[in-house]
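S.K.: Sequence and predicted structure, then a few things I'm wondering about:
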Amino acid sequence: MKVTEFSENTKIDHVSPPWEKFLGKDDFISYMPSYIGGTMIDEFDEYSYPTNDTGNITYYLFNPTKHCNNIDSSEKLPLIVFIHGATNSFDGRKCISHSGGEMFATEKYQSEIGKGAFILVPLANEKKDENGMLCDSWNDKYLPHLKAIIEETMQKYAVSKVIITGGSSGGAMTWKAVLAYPELFNGCIPVSSGFMPDVSQLKMLEKYGIKIIYACGKHDEFNCYDEKYLDSYRYIAEMQNGICYIPEWTRNGDYGVASLFFGIEMGQHCMITQIQANLMFNDGKPYCEHLPHGITGWIKDI
């Protein structure tokens with residue numbers, strides 16, 4: 001894929017999206033999420049995990065015990081891992097927001113989860129070739145290193161449970177991580193992933209008791225929603241620990257249909273934006289009836 005340069009020249013508002021003709025008469029297009037990104041990214045500490053085959057992996061960690069005097073450092077708290085999408089790592093620390101993880105470090109989200117949660121955001125060592133094409137990003141070589149970073153964090157801090165989530169190629173890596181190391185995770189939220197496990201793989205995850213939310217809009221511009229995966233969608237929806245959230249439209253907090261143009265329209269693909277909004281509309285109504293208290297409430301209940 002061609003790497004879009006996120007300059008002011010490519011940030012064109014109000015470009016007619018390809019799905020506009022399918023909107024209902026009462027629908028409207030919404031161009032902005034309901035939260036302001038960039039407000040919490042400096043609260044994350046930066047680390048580097050040394051490895052040769054992928055290059056040293058930069059990762060960011062929000063440590064709630066540093067920001068709340070009411071938390072005893074020995075008290076176990078959830079660890080939430082956010083895996084970014086393709087090309088996002090080129091923005092460095094801003095990738096904390098791109099990954100969907102930033103708002104989960106806010107006081108509001110932390111309190112809704114319980115006493116707080118550790119937020120971990122690893123970065124792939126993405127590269128562009130001489131033609132500006134993405135030639136290196138997340139791949140299977142990263143899996144053992146992601147596991148090692150998570151385990152290292154668990155050894156250093158008191159962790160009660162581990163949830164992993166990510167959008168787009170980060171959604172695919174989320175699936176691959178839980179399939180490779182199901183014993184490591186308590187929950188996963190793959191979002192807008194072009195890869196879907198088959199039913200036999202989902203049954204394996206079910207045996208491990210992993211709670212799953214799969215989220216993807218039906219009008220995803222990159223065709224991540226695909227009818228060939230219907231058996232997998234249905235199985236997740238029927239699992240005791242599964243939620244399959246596949247709305248007709250991906251919407252922002254104002255109920256408008258989400259549009260986002262960065263050289264290509266991807267508002268319906270970027271459902272990770274709605275995950276970062278906790279799947280709650282601005283008026284407090286949940287996006288999904290199975291998640292009455294949003295993602296934070298789901299994490300708290302695991």
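M.R.: All right, it came through fine.
S.K.: those helices in the stretch 101-250 of the chain, which residues are they?
M.R.: Assigned by DSSP state H, counting those that start in this stretch, the stretch 101-250 of the chain shows helices spanning 107-113, 143-156, 169-180, 199-207, 230-238.
S.K.: Which of those sits closest to Ala277?
M.R.: helix 107-113 (10.3 Å; C-beta to C-beta). For every residue, glycine as well, the C-beta is placed using N, CA and C.
S.K.: Contacts for that closest one next, please.
M.R.: 64, 68, 78, 103-104, 116-117, 278, 293-294, 296-297, 299-300 (C-beta atoms under 8 Å, 6 or more residues apart in numbering).
S.K.: Using PDB, write out the CA atom coordinates for it.
M.R.: Provided in PDB are the C-alpha atoms of helix 107-113 (Å, rounded to 0.1, in the frame of the first residue of the first chain):
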ATOM      1  CA  GLU A 107      -9.400   9.900  34.600                       C
ATOM      2  CA  LYS A 108     -12.900   9.200  33.500                       C
ATOM      3  CA  TYR A 109     -12.100   6.000  31.700                       C
ATOM      4  CA  GLN A 110      -9.700   4.800  34.400                       C
ATOM      5  CA  SER A 111     -12.400   5.300  37.100                       C
ATOM      6  CA  GLU A 112     -15.000   3.500  34.900                       C
ATOM      7  CA  ILE A 113     -12.700   0.500  34.600                       C
END
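S.K.: Return the distance of it from the chain's centre.
M.R.: Mean-position distance between helix 107-113 and its chain equals 17 Å (C-alpha atoms, centre = their mean, to the nearest Å).
S.K.: And for stretch 144-163?
M.R.: 18 Å.
S.K.: now what about it, what contacts it?
M.R.: Counting by C-beta under 8 Å, 6+ apart, 49, 51, 54, 57, 59, 61, 63, 65, 73-81, 83, 118, 120, 122, 173, 177, 180-181, 184-189, 299, 302 sit against stretch 144-163.
S.K.: Quick one, which of those are buried?
M.R.: 51, 54, 57, 59, 61, 63, 65, 77-81, 83, 118, 120, 122, 173, 177, 181, 184-189, 299 (16 or more other C-beta atoms under 10 Å).
S.K.: So which of the residues you listed are in strands?
M.R.: Secondary structure from DSSP state E places 57, 59, 61, 77-81, 83, 118, 120, 122, 187-189 of the buried ones among the contacts of stretch 144-163 in strands.
S.K.: which among these gets closest to Gly38?
M.R.: Closest approach between those and Gly38, by C-beta to C-beta: Leu61, at 17.9 Å.
S.K.: OK, contacts around the closest residue to Asn278 other than its chain neighbours?
M.R.: Closest residue to Asn278 apart from its sequence neighbours, by C-beta to C-beta, 6 or more residues apart in numbering: Gly294 at 3.8 Å. Listed by C-beta under 8 Å, 6+ apart, the contact set of Gly294 reads Glu112, Asn278, Leu279, Met280, Pro286.
S.K.: Could you pull up phi and psi at the residue nearest to the fourth one when sequence neighbours are not counted?
M.R.: What sits nearest to Met280 in space, not counting adjacent residues and going by C-beta to C-beta, 6+ apart, is Gly294, at 4.6 Å. Note on Gly294: backbone dihedrals following degrees, to the nearest 10 are phi 70, psi -170.
S.K.: Thr250 now?
M.R.: With angles defined as degrees, to the nearest 10, Thr250 sits at phi -80, psi 130.
S.K.: try Asp220
M.R.: Residue torsions, per degrees, to the nearest 10, at Asp220 are phi -50, psi 120.
S.K.: which residues sit in contact with it?
M.R.: Ser192, Thr250, Gln268, His269, Met271.
S.K.: Point out the least confident one among the contacts of helix 107-113.
M.R.: By pLDDT, Cys68 ranks lowest within the contacts of helix 107-113, coming in at 77.
S.K.: which residue sits closest to it, ignoring its sequence neighbours?
M.R.: Nearest to Cys68 is Gly116, by C-beta to C-beta, 6+ apart, at 5.9 Å.
S.K.: my guess is that neighbour meets Lys66, correct?
M.R.: No: counting by C-beta atoms under 8 Å, Gly116 stays clear of Lys66, with 10.2 Å between them.
S.K.: Neighbour count: these two, which is higher?
M.R.: A direct count of neighbours by other C-beta atoms under 10 Å for Gly116 and Lys66 places Gly116 higher, at 23 against 12.
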